[in-house]
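Trainee: Following is a predicted model, sequence given first.
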Amino acid sequence: MASGLEPIMTVADLRAFFAEAFPQALGGPSEETLIEEIGPGRVLIRRKVSDANLRPGGTVSGPTMMGLADHAMYAVILAHIGPVALAVTTNLNINFLRKPGLQDLLAEGRLLKLGKRLAVGEVTLFNEGEEDDPVAHVTSTYSIPPNR
């Protein structure tokens, strides 16, 4: 994890930002996704799994997990640089490790490097209560616009 990082936004700040920046999503990238914790270099967010998130075979879809991971990266970056709406994903790589259960998914996003123009991080996805048995591992890079 990148050392010496302290968040400058709170959970309430991030929730308010997402509600303002993404009004089309009724409170953020999804009302079913909740920012739960922010700490030095990390965030924890929750995705409530519903039938709308399932694929044939009764498992959580890949796009649902990728969206959750991307949301976690965006949240951890903004928590540490402030509300920069135009920070964008430039790369996202996901490794699906096992079939997730149908209970809530949690995503722990961690910053590995936070520079002036790029941020690199990783996200671990797991079912609630199964932190030691992840369902996916993600690495991601974001571009941060100048003059933030």
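Mentor: Ah, there it is. Residues are numbered from 1 along each chain as shown.
Trainee: Report the outermost residue of this protein with respect to its centre.
Mentor: Most distant from the centre of the chain: residue 57, at 25.2 Å, with distances by C-alpha atoms, centre = their mean.
Trainee: What residues sit buried inside stretch 60-77?
Mentor: 60-61, 64-77 (16 or more other C-beta atoms under 10 Å). Yep, even glycine has a C-beta here, placed from its N, CA and C like the rest.
Trainee: from these, which ones fall inside helices?
Mentor: If you go by DSSP state H, the buried residues of stretch 60-77 have 64-77 in helices.
Trainee: which one among the residues you listed gets closest to residue 11?
Mentor: residue 75 (9.4 Å; C-beta to C-beta).
Trainee: what sits against the closest one?
Mentor: By C-beta atoms under 8 Å, 6 or more residues apart in numbering, the contact list for residue 75 reads 14, 35, 38, 43, 45, 109.
Trainee: Okay, and the residue nearest to it when sequence neighbours are not counted sits in which element?
Mentor: Nearest non-adjacent residue to residue 75, counting by C-beta to C-beta, 6 or more residues apart in numbering: residue 43, 4.8 Å away. Take DSSP states H and E as the rule and residue 43 turns out to sit in strand 42-47.
Trainee: Strands of the chain, start to end?
Mentor: Remark: strands assigned in the chain by DSSP state E are 33-39, 42-47, 54-55, 59-60, 88-96, 105-114, 118-127, 136-143.
Trainee: hmm, back to that, any idea which of the contacts of residue 75 has the most stuff around it?
Mentor: residue 43 (30 neighbours; other C-beta atoms under 10 Å).
Trainee: Quick check: that residue touching residue 111?
Mentor: No - using C-beta atoms under 8 Å, residue 43 and residue 111 do not qualify as a contacting pair, with a distance of 9.2 Å.
Trainee: Quick check: neighbours shared by the two?
Mentor: Residues touching both residue 43 and residue 111 (C-beta under 8 Å, 6+ apart) are residue 76.
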